[in-house]
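Participant: here's a sequence, model it:
(2 chains, ligands or ions: 2)
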Amino acid sequence: MKWIITFFKSSLGRKLIMALTGLFLIVFLMIHLTGNSLLLLNDEGEAFTGFVEFMEENPLIKITAYLLYLGFIIHILQGIVIYFTNRNAKGGTYAVKTTANASFFSKYMFWFGVMIFIFLTLHLINFWLGLKVTGEFGNEELYGKVVTAFHNPVYLVVYELGMIALFMHLRHGFHSAFQTLGWNHKKWTPLIKCLGNLYSIIVPLGFFIIPLYIYFFK
Amino acid sequence: MKLNLKIWRQKNKHSKGKFEIYQVDANEHMSFLEMLDVLNEQLVAEKKEPVAFEHDCREGICGTCGMVINGRPHGLLQGTTTCQLHMRFFKDGDTIVIEPYKAKAFPVVKDLVVDRSSLDKIIQAGGFVSINTGQAQDANNIPIEKEISSKAFDAAACIGCGACVAACPNGAAMLFTSAKISHLGLLPQGAVETDRRVMRMVIQMDKEGFGSCSNIGACEVECPKEIKLTNIARMNRYYYKSAFASDN
Ligand code: SF4
Ligand code: FES
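Facilitator: Ligands and ions are numbered 1, 2, ... in the order given. Have a look, this model is predicted:
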């Protein structure tokens, strides 16, 4: 049993956890976006509410939801641990800073993560808490809640900033996860990078457009 | 050509250190280290302490001459060590900032010299083949696909200079460690010990206080031997296999 602890405490073990939870969250985002895209329909939220109810009632999805919370928590905590270990390992910066050897997205990955975390906290307080924990509103009221929230300019701006941070985080995170899994291959890596670029633009952009649409047209 | 040098001076591991400014008259045919030799002769003539820097082969194969030149390990030139960097890549009147490598696992010994023995400890943990594999002709008797021997050879080009660690914002030594693990693991003589080797070397790497990789890739850009990130992916694969599927 000791080997398990050794593995997950090692640098490569921690990386593996980051990659796996990251990929899990990537899959989740696609499902989330599918649901949100129903907000674009002009049906007074009927389809959206139907989706919410389906997600609420399906037992398999309920279990997955708990896995999802766990995924978020592990990804965040592990990210913090890795950030501090690495900062300590670096032991200072150079007098001359160069931008020649690393991309902006990869270097500030952690800080984009922090921005997403701040957004996420607000986001959960706004929707998830009332729906799932306090029971302040039911499934049918969620649609109304969402529409009002996006008419609040402050919330709208915070949301959109969160989506920009998400783009920057995913821009490096997507293909990086595959490299960590050990999948670096002459044929596949260019494809993964291309997919990652597409994903990191399309998914955050989708989330970005929906609130704007609601703000202006609903 | 007249140059202004801003060089990190530090007496020893425990002292604080600061930048000092020097003027030196060099010519463009000199290598970077020869330019520093000129500076040191000047300093000795002035009865001042010369700048300590490490060097040995001066032909780009020993890996001792690493220093950070204008923010970049081994300077701006791709695939080149400091000793192979020539002054023709600088302009008359330039100010060049020279610092030692920065990483927790590489404490400064003096001025530009850092202690890289943490890399040796990683090698000692498993970067070897334990049996006698014979002479060159014995190796030549084992047929190995060209594709594979080339990969092993490319990984074996690592000179252990530590530029990858110096360039890494995480202070990670993964490019170095993975190069060693790949170069041995790809060939039949070394492959048998891969499971044990990768486990021991990775654990030692963590123990030495190196950080963990976030796939930034600065190491790959700065490596004077152009070691590739594919080696890190290979190390990850070997490591997962060793952890989950081997008897170790
Ligand atoms: S991988 Fe490259 S930069 Fe790192 S020690 Fe080896 S030769 Fe130097
Ligand atoms: S002095 Fe040997 S590599 Fe530069």
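Participant: check the offset of the helix ranked longest in chain A from the chain's centre.
Facilitator: Taking DSSP state H as the criterion, chain A has its longest helix at helix A:59-90. Averaging C-alpha positions (CA atoms, centre = their mean, to the nearest Å) puts helix A:59-90 11 Å from its chain's average.
Participant: next SSE after the helix or strand harbouring A:L120?
Facilitator: Following DSSP states H and E, one finds A:L120 within helix A:109-123. Next in sequence after helix A:109-123, counting helices and strands by DSSP H and E, comes helix A:139-150.
Participant: and that next one, what other elements does it pack with?
Facilitator: helix A:46-57, helix A:153-180, helix A:188-217 (3 or more CB pairs under 8 Å, 6 or more residues apart in numbering or on different chains; DSSP states H and E). Bear in mind the C-beta positions are built from the backbone N, C-alpha and C, glycine included.
Participant: could you dump the ones you listed into TSV and include mean pLDDT?
Facilitator: Converted to TSV, the helices and strands packed on helix A:139-150 look like this (pLDDT from 0 to 100):
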stretch	mean pLDDT
helix A:46-57	93
helix A:153-180	97
helix A:188-217	97
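Participant: which secondary structure element contains the nearest residue to B:F176 once chain neighbours are set aside?
Facilitator: Among residues not flanking B:F176 along the chain, B:C164 sits closest, at 5.5 Å (CB to CB, 6 or more residues apart in numbering or on different chains). Element membership of B:C164, judged by DSSP H and E, is helix B:163-167.
Participant: quick check, the helix or strand that that helix is followed by touching ligand 1?
Facilitator: Downstream of helix B:163-167, the first helix or strand assigned by DSSP H and E is helix B:174-185. Yes. Helix B:174-185 is in contact with ligand 1 by CB under 6 Å from any ligand atom, via B:175-176, B:179.
Participant: again, but for stretch B:216-231
Facilitator: Yes. Counting by CB under 6 Å from any ligand atom, contacts between stretch B:216-231 and ligand 1 involve B:223-225, B:227.
Participant: and the two most separated of these?
Facilitator: Using CB to CB, the residues of stretch B:216-231 next to ligand 1 reach their maximum pairwise distance at B:P224 and B:I227, which is 9.1 Å.
Participant: the more surrounded of these two?
Facilitator: Legend: neighbour count by other CB atoms under 10 Å in any protein chain shown for B:P224 and B:I227, higher for B:P224 (28 against 25).
Participant: picking that back up, just checking, what packs against the helix holding A:L120?
Facilitator: On a contact count with 3+ CB pairs under 8 Å, 6+ apart, helix A:109-123 meets helix A:59-90, helix A:153-180.
Participant: now with 6 Å, please.
Facilitator: Applying 3 or more CB pairs under 6 Å, 6 or more residues apart in numbering or on different chains; DSSP states H and E, we find helix A:109-123 packed against helix A:153-180.
Participant: okay, buried residues for the helix it packs on please.
Facilitator: A:155-156, A:158-160, A:162-163, A:165-180 (16 or more other CB atoms under 10 Å in any protein chain shown).
Participant: helix, strand or coil for B:H55?
Facilitator: Recorded secondary structure, B:H55: coil (DSSP: H, G, I helix; E, B strand; the rest coil).
Participant: okay, now it: neighbour count?
Facilitator: As a burial measure, B:H55 scores 19 neighbours (other CB under 10 Å).
Participant: tell me the domain ranges of chain B?
Facilitator: B:2-110, B:116-131+B:140-245 (automatic domain parsing).
Participant: closest one to A:N126 among those domains?
Facilitator: That would be, of the domains of chain B and by CB to CB, domain B:116-131+B:140-245, which comes in at 30.7 Å.
Participant: now do stretch B:19-38, average pLDDT.
Facilitator: The pLDDT scores in stretch B:19-38 average 97.
Participant: buried set for that stretch?
Facilitator: Of the residues in stretch B:19-38, B:22, B:24, B:26, B:30-38 count as buried by neighbour count, 16+ other CB under 10 Å.
Participant: quick check, that stretch touching ligand 2?
Facilitator: No. Under the criterion of CB under 6 Å from any ligand atom, ligand 2 is not reached by stretch B:19-38; the shortest gap measures 6.9 Å.
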